[in-house]
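1. build me a structure from this.
(one chain, ligands or ions: 1)
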Amino acid sequence: MRIELGPVTRIEGHLNVKTTISGHRVEDAQCIGEMFRGFEVILRGRDPLDAQQITQRICGVCPYAHAIASSYAQENAYGLTPPPNGRILQNLVQGANHLYDYLLHFYQLSALDFVDVTAILRYQGNDDDLVGLRDWVKAELASGKAFPATPFLPRLDGRYLADTDINIGALKHYLEALRIQQKANQASAIFGGKFPHSTAIFPGGCSQRPALDLITAYQSLIQEVRGFIQQKYLPDLLAVAKAFPDYWHIGQSQGGFMSFGVLPTGPEPGSPRLFAPGVLMDGQVTAVDFAKITEDVRYARYDSPSGLKVREGELSPAPEKDGAYSWVKAPRYGGAMVEVGPAARVLVDYRQGANREVVRLVDHFTGLAGVGPKELNSVLGRHLSRAICASVIADFLLAESERLDPGAPAALELEIPATGEGFGATEASRGALLHYLRLKNHVIEKYECVVPTTWNCSPRDDQGHPGAMESALIGTQVADPAVQIESVRIVHSFDPCLACAVH
Ligand code: NFE
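-> Model (predicted):
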């Protein structure tokens, strides 16, 4: 029996997932990116300083990660090291974006896979938000519409948290999280100029100055976000984990993990990062080598050559290509599939013992759940990894903001060479993000982006091996093949962004 889960909702962009079910088991899965964009074509022939602006338009959720990757790539090409203030401000802007993104994903995009919104019908208190929500859900249910308003309905009764108080508490936090996300975005905009799509992040630093009043405004916003992470996000996540312990063992991807590391602790290229980079395969972590990254297109809708390295990348759309089923390419590392994202970020760092706080939080929370670090490769593991990232990054941003020197410069005068090339790598919230640019005659000759969701939602590679999400779906036992809430929970745990994936 073949079942399509698409269009998948509560994600970014257009994703379909085709599953083949035998009995109650997912025998096969195909992740299908359903649109083409072509930013790499748009960038050809442009002034290189347009790149960190244009690539941010790849996405409205993770724009700053693209600005950072593009700025790093240009710093690499121009031979620049920003002043310490410049690197710190880049970190403050990017880090606040991670906090926003983790809360958005847990509350708005995933929580309602686990939380029963109809519990609100039993609410008897007088909290304005909850009374409003209760009356609205009541009206929607009474409307008799075939598809009552999303995102709360329709529901799959009997598959959610049972406890009324926990459900209502989570719904209250669902609404509160929207306001807290706004604070994280305000914090980003203080030094980034605006949200989304920063006007201030540049190769060589940041055009905003670290004035004292801006620093204190930033810190007070991040303090509030941090409080919510500690007092609500982590406990809500643990409540979900306690009620759905099977999900420590559901949705394992079947390859390695890769992280580029994020938030450099110094201005120089190669400075240690808050989360360390690396590739984790067969229990061993090795250094990332960009030369090992290739993109297969046998099953993607392109007729450019398959298996090209990043420097050689090409984009030649072929909508009718035989056998192709997705607009997403299939990136591979040394020919192998790897998962990227929060679990990769945390596991790669944890295996190296690089950040003591990461090690402590992983041991603490997996210990509470009675599982081990390897269970981070699961639906709950990806959710927990995001919360760990949020906690560690919030603390880092507060410490980092103390290191700003309000009297010192935050940017460099730029001298852009006529020719050159550079790589820029960072971690967007959804995982490893690589930009590459090559200049000729003062303009961009080639620009390539290898993007987190391109890795995770990749179709089969040239060898016929599945992408990370496909591999996590295959073998899953589902209670009701027609509904497959298990598959939907697996897909959501990756937080796919198809707008980014097809860029
Ligand atoms: Ni459009 Fe993005 C992140 C990037 S994912 S959200 O995070 O880069 O592919």
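2. and the strands in the stretch 251-400 of the chain?
-> 256-259, 262-264, 273-275, 278-281, 284-286, 293-296, 308-309, 330-333, 338-339 (DSSP state E, counting those that start in this stretch).
3. now do the contacts for the residue in the stretch 101-250 of the chain positioned nearest to the ligand.
-> Here the stretch 101-250 of the chain gets closest to the ligand at one residue, D101, 6.4 Å apart by C-beta to the nearest ligand atom. Using the backbone N, CA and C atoms, a C-beta is placed for each residue, glycine as well. D101 sits next to 61-62, 429-430 when contact means C-beta atoms under 8 Å, 6 or more residues apart in numbering.
4. export those to CSV and tack on neighbour count?
-> CSV is the format used below for the contacts of D101 (neighbours: other C-beta atoms under 10 Å):
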residue, neighbour count
V61, 22
C62, 29
S429, 29
R430, 28
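5. and the residues you listed, which of them are in strands?
-> Per DSSP state E, strands hold no members of those.
6. could you pick out which of those are near the ligand?
-> 61-62, 429-430 (C-beta under 6 Å from any ligand atom).
7. closest one of these to R2?
-> Comparing these against R2 with C-beta to C-beta picks out R430 as the nearest, at 27.9 Å.
8. now the nearest residue to that closest one once chain neighbours are set aside: how far from N85?
-> Excluding the flanking residues, the one nearest R430 by C-beta to C-beta, 6 or more residues apart in numbering is P452, at 3.9 Å. Using C-beta to C-beta, to the nearest Å, one gets 28 Å for the distance from P452 to N85.
9. now do A468
-> For A468 relative to N85 (C-beta to C-beta), the value is 38 Å.
10. same check, this time on K446
-> Taking C-beta to C-beta as the criterion, K446 is separated from N85 by 32 Å.
11. and the two? which has more neighbours close in?
-> Between K446 and N85, N85 has the larger neighbour count (other C-beta atoms under 10 Å), namely 23 against 18.
12. ok, now which ones touch the more buried one?
-> N85 touches 205-206, 210, 404-405, 408-410, counting by C-beta under 8 Å, 6+ apart.
13. go again using 7 Å as the cut-off
-> When contacts are counted by C-beta atoms under 7 Å, 6 or more residues apart in numbering, N85 touches 205, 210, 404-405, 408-410.
14. repeat that for L43.
-> Contact analysis of L43 by C-beta under 7 Å, 6+ apart lists 51, 54, 444, 447.
15. let's see 8 Å
-> For L43, the contact set (C-beta under 8 Å, 6+ apart) comprises 50-51, 54-55, 437, 444, 447.
16. with K18 instead?
-> Contacts of K18 by C-beta under 8 Å, 6+ apart are 2-6, 29-30, 32.
17. just to revisit the earlier point, wait, which of the ones next to the ligand among the contacts of D101 is closest to L237?
-> Nearest to L237 out of the ones next to the ligand among the contacts of D101 is S429 (C-beta to C-beta; 15.8 Å).
18. just the pLDDT at the residue nearest to A51 when sequence neighbours are not counted, thanks.
-> Among residues not flanking A51 along the chain, S70 sits closest, at 4.7 Å (C-beta to C-beta, 6+ apart). On the pLDDT scale, S70 is placed at 98.
19. of the strands of the stretch 251-400 of the chain, which is nearest Q186?
-> Comparing the strands of the stretch 251-400 of the chain against Q186 with C-beta to C-beta, the closest turns out to be strand 262-264 (19.8 Å).
20. now the ones next to the ligand among the contacts of D101 in TSV, with distance to K138?
-> Compiled in TSV, the ones next to the ligand among the contacts of D101 are given as follows (distance: C-beta to C-beta, whole Å):
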residue	distance to K138
V61	32
C62	36
S429	35
R430	36
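21. got the phi and psi for the residue nearest to C457 when sequence neighbours are not counted?
-> Of all residues not flanking C457 in the chain, C31 sits nearest, at 4.5 Å (C-beta to C-beta, 6+ apart). Main-chain dihedrals, C31, degrees, to the nearest 10: phi -90, psi 130.
22. buried ones in stretch 12-28?
-> Within stretch 12-28, the residues that count as buried by 16 or more other C-beta atoms under 10 Å are 12-19, 21, 26.
23. what's the model's confidence in that stretch, averaged?
-> Per-residue pLDDT values over stretch 12-28 give a mean of 96.
24. repeat for stretch 49-58
-> 98.
25. does that stretch reach the ligand?
-> No - on the criterion C-beta under 6 Å from any ligand atom, stretch 49-58 is out of touch with the ligand, staying 6.6 Å away.
26. isn't the residue nearest to R430 up against T426?
-> No - P452 lies out of contact with T426 (C-beta atoms under 8 Å); the separation is 10.4 Å.
27. quick check: V8 vs C457, distance?
-> For V8, the distance to C457 (C-beta to C-beta) stands at 10 Å.
28. repeat for V115
-> Separation of V115 from C457 (C-beta to C-beta): 25 Å.
29. next: D165.
-> From D165 to C457 the distance is 37 Å (C-beta to C-beta).
30. who has more neighbours, the two?
-> C457 (30 against 9).
31. and for G367, the neighbour number?
-> If you count neighbours by other C-beta under 10 Å, G367 ends up with 11.
32. before we move on, back to that, what subset of the contacts of K18 is buried?
-> Buried among the contacts of K18 (16+ other C-beta under 10 Å): 3, 5, 29-30, 32.
33. ok, so of the residues you listed, who is nearest the ligand?
-> I32 (15.6 Å).
34. list the contacts of that closest one.
-> Going by C-beta under 8 Å, 6+ apart, I32 touches 6, 15-18, 325-326, 459.
35. so it, which state does it fall into?
-> Per DSSP: H, G, I helix; E, B strand; the rest coil, the local secondary structure of I32 is strand.
36. what does P417 give?
-> Three-state call for P417 (three-state DSSP): coil.
37. distance check, the residue lying closest to it once chain neighbours are set aside against the ligand.
-> Excluding the flanking residues, the one nearest P417 by C-beta to C-beta, 6+ apart is Y78, at 6.3 Å. Per C-beta to the nearest ligand atom, to the nearest Å, Y78 is found 22 Å from the ligand.
38. got the phi/psi numbers for Y78?
-> The phi/psi pair for Y78 (degrees, to the nearest 10) reads phi -90, psi -10.
39. same thing with V17?
-> Here is the backbone geometry of V17 (degrees, to the nearest 10): phi -130, psi 120.
40. pull the contacting residues for the residue lying closest to it once chain neighbours are set aside.
-> Of all residues not flanking V17 in the chain, L5 sits nearest, at 4.3 Å (C-beta to C-beta, 6+ apart). Going by C-beta under 8 Å, 6+ apart, L5 touches 16-19, 484, 487-488, 491.
41. and L5, how far from I21?
-> On the measure of C-beta to C-beta, L5 and I21 end up 11 Å apart.
42. same question, H197
-> From H197 across to I21, the span is 42 Å (C-beta to C-beta).
43. again with S429
-> For S429, the distance to I21 equals 31 Å [C-beta to C-beta].
44. for the residue most central in space within the chain, what are phi and psi?
-> Taking C-alpha atoms, centre = their mean, the centroid of the chain lies closest to R430, which sits 1.7 Å from it. Backbone torsions for R430, taken as degrees, to the nearest 10, come to phi -90, psi 0.
45. with that, I have no additional questions.
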